[in-house]
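Undergrad: Kindly generate the corresponding structure for this input.
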Amino acid sequence: MEFDMPVSTSTVATAHASKYLQQLCKHWSHRFAVEFTAESGRVPFSDTAELTFAADAGALHLTLSAADPSQLERYETVVADHLKRFAFREELDITWNA
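TA: Next up, the predicted model:
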């Protein structure tokens, strides 16, 4: 992954960060070469886009990078939609910061 790609981040307050990180990584592992532990994860969506996770006791930290800014916006929506689906028991505030 190149370091000059557009990056978007989000810190999502939740007591279930590790659970959601693992659920999302397992979900995407059927399509991508995902790597994860209980505290961190990486989903390479393509050669030009990836998502990394970090979980702590109070939040799930998301970092999304993509070569194309329009691709970045599309992945923001995909990631947020999937996270909300897995976290249906709570209302999450997912705000992306470019």
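Undergrad: what comes into contact with the lowest-mean-pLDDT helix or strand in the chain?
TA: In the chain, no helix or strand scores lower on mean pLDDT, DSSP states H and E than helix 69-86, which sits at a mean of 94. Applying CB atoms under 8 Å, 6 or more residues apart in numbering, the contact partners of helix 69-86 are 6-8, 10, 12, 20, 23-24, 27, 45, 48-49, 51, 60, 62, 64-66, 92, 94, 96, 98. To be clear about C-beta, it is placed using only N, CA and C from the backbone, and glycine gets the same treatment.
Undergrad: again, only using 10 Å
TA: With CB atoms under 10 Å, 6 or more residues apart in numbering as the test, helix 69-86 has contacts from 5-8, 10, 12, 14, 16, 19-24, 27-28, 43, 45-46, 48-51, 53, 60, 62, 64-66, 68, 90-92, 94-96, 98.
Undergrad: Show the buried residues in those residues.
TA: Buried members of these, scored by 16 or more other CB atoms under 10 Å, are 5-6, 8, 10, 12, 14, 20-24, 28, 43, 45, 49-51, 53, 60, 62, 64-66, 92, 94, 96.
Undergrad: Mark which of those are part of helices, please.
TA: Among the buried ones among the contacts of helix 69-86, the ones falling in helices (DSSP state H) are Y20, L21, Q22, Q23, L24, W28.
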